[in-house]
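In: Can you look at this prediction? I've put the sequence above it.
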There are 2 protein chains.
Amino acid sequence: MPISIALCDDHLLVINGLKSMVKQLPDVEMIFAAIDGASLLTALEQRQPDVLLLDIQLPDVPGTELCRRVKKLYPDMQVVALTSHDDANYVRQILRNGASGYLLKNTDLPTLQKALQTVYDGGRFVDEQIQKNLVHEAITGQRMSHNDIPLTKREKEILTLIGQELSSQEIADKLFISLRTAENHRFNIAKKLNARNTAALVKEAIRRGLV
Amino acid sequence: MPISIALCDDHLLVINGLKSMVKQLPDVEMIFAAIDGASLLTALEQRQPDVLLLDIQLPDVPGTELCRRVKKLYPDMQVVALTSHDDANYVRQILRNGASGYLLKNTDLPTLQKALQTVYDGGRFVDEQIQKNLVHEAITGQRMSHNDIPLTKREKEILTLIGQELSSQEIADKLFISLRTAENHRFNIAKKLNARNTAALVKEAIRRGLV
DNA sequence: TTGGAAATGAGTACTACTACGCAGAAAAAG
DNA sequence: CTTTTTCTGCGTAGTAGTACTCATTTCCAA
């Protein structure tokens, strides 16, 4: 019995590309392709593949959430992230949300086959290049994943507003808190993230997807 | 005689996808695919397609530069940008660098065919969704394309450093200019770009690809 | 229910940025 | 070779952010 797979990606080119690659794999069968999160969930009600290839950047929902939801609905289905993003933090996020694998879109046929087989057998598969990134980050040490440094809900809220170019005073007004409090939060965030100034905070806000 | 096309994209999936789509077009023939700018230029020395499909985000060189270089070397070749980026400023940039068309990666077969035929006949083709974006920006008015506001070389340099989290003092030290000068530049940039504060400057630097 | 984290707020001192106006030198454009 | 733009620099303000310490309250979890 071949491995059945499904794909969720909003690029028709990618869908076609994967189809043509899968065609060359005798023991893999693609049962459907969805172009967004909503149609994926609908399609899954009808048929469930053994392995789901999931683009992280979809038009309607964030890939991480979609992954978590899918794994909750169908715990036995293996999910492999398929993206061109090679940032180590993305990898961590999606893997923590239930994905068993991480493939880059420039993957070749043997890698694809190996990835599918591995996760189908219950293993994990992470693209080699990504693995290197993770190791590199681990070695270079402390600045490994600011993303692991947790911000409180309020702090995230304030970081978002900083990213939206609001001043501390404007943030204070918007959240009905005093200027002092807003500045305090700002200071605490900067300390947590080791940010020297506003520029660093804005970049961090962007990196975390808060803006 | 069919239209000959070539593709430059670092994602094997996209290459395969386009191949399989092109196969369904009787009067279009794909003569080669390159995975980065360097190998594209090498391949072009051997054979020149009528139309070149070019991903803007390549591993080695910025797509805009590559496009300009290709058009300089082979003025008769038509270049179509192929990307998933739908930002209006990207479109403007690449079109100004000699591209005749702009396709999104979620394009379908009829659109692809029309685009290829149009640019082959010497016309221009811009994806419908992108056109809408451009119109929308034009309507919403003044904030249309900060990117059109030209910064001087020095100003770009300074905006880059701001994006790199340097303070005005550090910028002054780095460029061997006085703090006053650095602050003046900063102020002038902010005025040009209508930026309220550092946060806005950093975001603009990122948007312009200076960081 | 109690202990700890989170959120709020204040005080103080200093540094950085904002917002100009003005002007000479250098470089680019015509 | 001139005109314009750019780059450089200074002055003066006022405003915003940096860099803490400390104290209350609120709220979530053990």
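Out: Done, it's in.
In: Closest residue of chain A to chain B?
Out: Minimum separation of chain A from chain B (CB to the nearest CB) falls at residue A:17, amounting to 3.2 Å. Where C-beta positions appear, they are placed from N, C-alpha and C, glycine not excepted.
In: what about that residue, which helix or strand?
Out: Per DSSP states H and E, residue A:17 falls inside helix A:12-23.
In: Return the list of helices and strands in contact with that helix.
Out: strand A:3-8, strand A:28-34, helix A:109-120, helix B:12-22 (3 or more CB pairs under 8 Å, 6 or more residues apart in numbering or on different chains; DSSP states H and E).
In: for DNA strand D, what are the nearby residues on chain A?
Out: A:167-169, A:183-184, A:186-187, A:190-191, A:196-198, A:201 (CB under 7 Å from any atom of the strand).
In: do that again at 10 Å, thanks
Out: A:153, A:162, A:165-172, A:179-184, A:186-191, A:194-202 (CB under 10 Å from any atom of the strand).
In: Can you tell me which of these end up in helices?
Out: Mapping these onto helices (DSSP state H) picks out A:153, A:162, A:168-172, A:179-184, A:186-191, A:198-202.
In: need the helices and strands packed on helix A:12-23 in JSON lines with distance to DNA strand C, can you?
Out: Converted to JSON lines, those look like this (distance: least, CB to the nearest atom of the strand, whole Å):
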{"stretch": "strand A:3-8", "distance to DNA strand C": "34"}
{"stretch": "strand A:28-34", "distance to DNA strand C": "37"}
{"stretch": "helix A:109-120", "distance to DNA strand C": "34"}
{"stretch": "helix B:12-22", "distance to DNA strand C": "38"}
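In: is it possible to export these to a markdown table including mean neighbour count, mean pLDDT and distance to residue A:67?
Out: Below are these laid out as a markdown table (neighbours: other CB atoms under 10 Å in any protein chain shown; pLDDT from 0 to 100; distance: least, CB to CB, whole Å):
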| stretch | mean neighbour count | mean pLDDT | distance to residue A:67 |
| --- | --- | --- | --- |
| strand A:3-8 | 22 | 94 | 10 |
| strand A:28-34 | 18 | 94 | 14 |
| helix A:109-120 | 18 | 92 | 13 |
| helix B:12-22 | 22 | 91 | 19 |
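In: will you turn the ones you listed into CSV that also has distance to residue A:64?
Out: Putting the helices and strands packed on helix A:12-23 into CSV (distance: least, CB to CB, whole Å) gives the following:
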stretch, distance to residue A:64
strand A:3-8, 13
strand A:28-34, 17
helix A:109-120, 18
helix B:12-22, 21
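In: Let me see the contact set for residue A:27.
Out: In this structure, residue A:27 makes contact with A:2, A:3, judged by CB atoms under 8 Å, 6 or more residues apart in numbering or on different chains.
In: How many neighbouring residues does residue A:121 have?
Out: 10 (other CB atoms under 10 Å in any protein chain shown).
In: The one 10 residues further on too?
Out: Taking other CB under 10 Å as the neighbour definition, residue A:131 ends up with a count of 14.
In: got a pLDDT number for it?
Out: We have a pLDDT of 82 for residue A:131.
In: got it, and residue A:134?
Out: For residue A:134, pLDDT reads 69.
In: Then residue A:101?
Out: 90.
In: And for residue A:192?
Out: So, for residue A:192, pLDDT stands at 85.
In: Show me which positions of the strand or helix carrying residue A:39 end up buried.
Out: When secondary structure is defined by DSSP H and E, residue A:39 falls within helix A:37-46. The neighbour-count check on helix A:37-46 (16 or more other CB atoms under 10 Å in any protein chain shown) flags A:37, A:40, A:41, A:43, A:44 as buried.
In: and of those residues, the nearest to residue B:210?
Out: For the buried residues of helix A:37-46, the minimum distance to residue B:210 (CB to CB) is 33.4 Å, reached by residue A:37.
In: thinking that closest one is in contact with residue A:56, fair?
Out: No - look at residue A:37 against residue A:56 with CB atoms under 8 Å: they stay out of range, at 11.1 Å.
In: Any part of the helix holding residue A:39 near chain B?
Out: No - judged by CB under 8 Å from any CB of the partner chain, helix A:37-46 makes no contact with chain B; its nearest approach is 13.4 Å.
In: which residues touch that helix?
Out: Residues contacting helix A:37-46 (CB under 8 Å, 6+ apart): A:6, A:8, A:32, A:34, A:54, A:58, A:60-61, A:66, A:69-70, A:73-74.
In: before we move on, back to that, quick one: buried ones out of the ones in helices among the residues of chain A next to DNA strand D?
Out: Counted by 16+ other CB under 10 Å, those give A:162, A:168, A:171-172, A:181-182, A:186, A:189-190, A:198-202 as buried.
In: And stretch A:151-170, end to end?
Out: Start-to-end span of stretch A:151-170 (CA to CA, to the nearest Å) is 21 Å.
In: What residues of that stretch count as buried?
Out: Buried-residue list, stretch A:151-170, by 16+ other CB under 10 Å: A:151, A:155, A:157-168.
In: ok, residue A:11 - contacts?
Out: By CB under 8 Å, 6+ apart, the contact set of residue A:11 is A:55, B:14, B:17, B:84, B:105, B:106.
In: Quick one: residues contacting the first one.
Out: Okay, so that is residue A:55. Residue A:55 makes contact with A:8, A:9, A:10, A:11, A:14, A:63, A:81, A:82, A:83, according to CB under 8 Å, 6+ apart.
In: Pull the number of nearby residues for residue A:64.
Out: Residues contacting residue A:64 under the criterion other CB under 10 Å number 20.
In: and what of residue A:102?
Out: A total of 26 residues lie near residue A:102 under the criterion other CB under 10 Å.
In: Can you classify it as helix, strand or coil?
Out: What DSSP: H, G, I helix; E, B strand; the rest coil gives for residue A:102 is strand.
In: That one touches residue A:130, doesn't it?
Out: Yes - Residue A:102 lies in contact with residue A:130 (CB under 8 Å); the separation is 5.6 Å.
In: tell me, what's touching the two both at once?
Out: residue A:91.
In: re the thing from before, looking at the contacts of residue A:11, which is nearest residue B:208?
Out: For these, the nearest to residue B:208 is residue B:84 (19.3 Å; CB to CB).
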